[in-house]
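Colleague: Sequence and computational prediction follow.
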Amino acid sequence: MPKPDPRAERLTRREREIMNAVFALGNRASAEEIRARLASAPGDSAVRVMLTRLEKKGFLKHRQEGLRYLYTATISPSSARRQALRRYLETFFGGSAKQMMTALVSEAHWTEEELHALKAEIDRVRKERRKEL
């Protein structure tokens, strides 16, 4: 049976929180360690059910070490960030990166140094794109 493609699945808020906990714990964590990092932590059995669900969705895998299971992510933190950002972009900005960036730049309180760093990054990307043409 082929493994589900994690990119095709959507995660609930709690599932994302669990994935964040796994990453924060060095991508090797027991159910107890994960549960300890959750806000308003559910019961032990509820966490184990969610871990099993994340395994079925293809986001986690486990191996047994003694009497406990250790969970690791099947995707990298950067891949998980990209997926979450894509969903956020779709949900709040209709998929428009321009609208999102405009909102971020205009609504945050940026220092001159931070604005300069943002401009430098934009200039760097422009320069790279010109080289590609």
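Modeller: That came through fine.
Colleague: from here on, contacts and neighbour counts on C-alpha atoms
Modeller: OK.
Colleague: what's the longest helix in the chain?
Modeller: helix 112-132 (DSSP state H).
Colleague: tell me the helices in this structure, going along the chain?
Modeller: According to DSSP H, the helices that the chain contains are 13-24, 31-36, 44-57, 77-93, 97-107, 112-132.
Colleague: which stretch among those comes nearest Leu67?
Modeller: helix 31-36 (11.8 Å; C-alpha to C-alpha).
Colleague: circling back to that earlier point, wait, which of the helices of the chain is closest to Glu65?
Modeller: Per C-alpha to C-alpha, nearest to Glu65 of the helices of the chain: helix 31-36, 12.3 Å.
Colleague: returning to what we had before: need the helices of the chain in a markdown table with mean neighbour count and mean pLDDT, can you?
Modeller: Listed next are the helices of the chain as a markdown table, based on neighbours: other C-alpha atoms under 10 Å; pLDDT from 0 to 100:
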| stretch | mean neighbour count | mean pLDDT |
| --- | --- | --- |
| helix 13-24 | 18 | 93 |
| helix 31-36 | 17 | 96 |
| helix 44-57 | 16 | 95 |
| helix 77-93 | 14 | 87 |
| helix 97-107 | 12 | 92 |
| helix 112-132 | 11 | 93 |
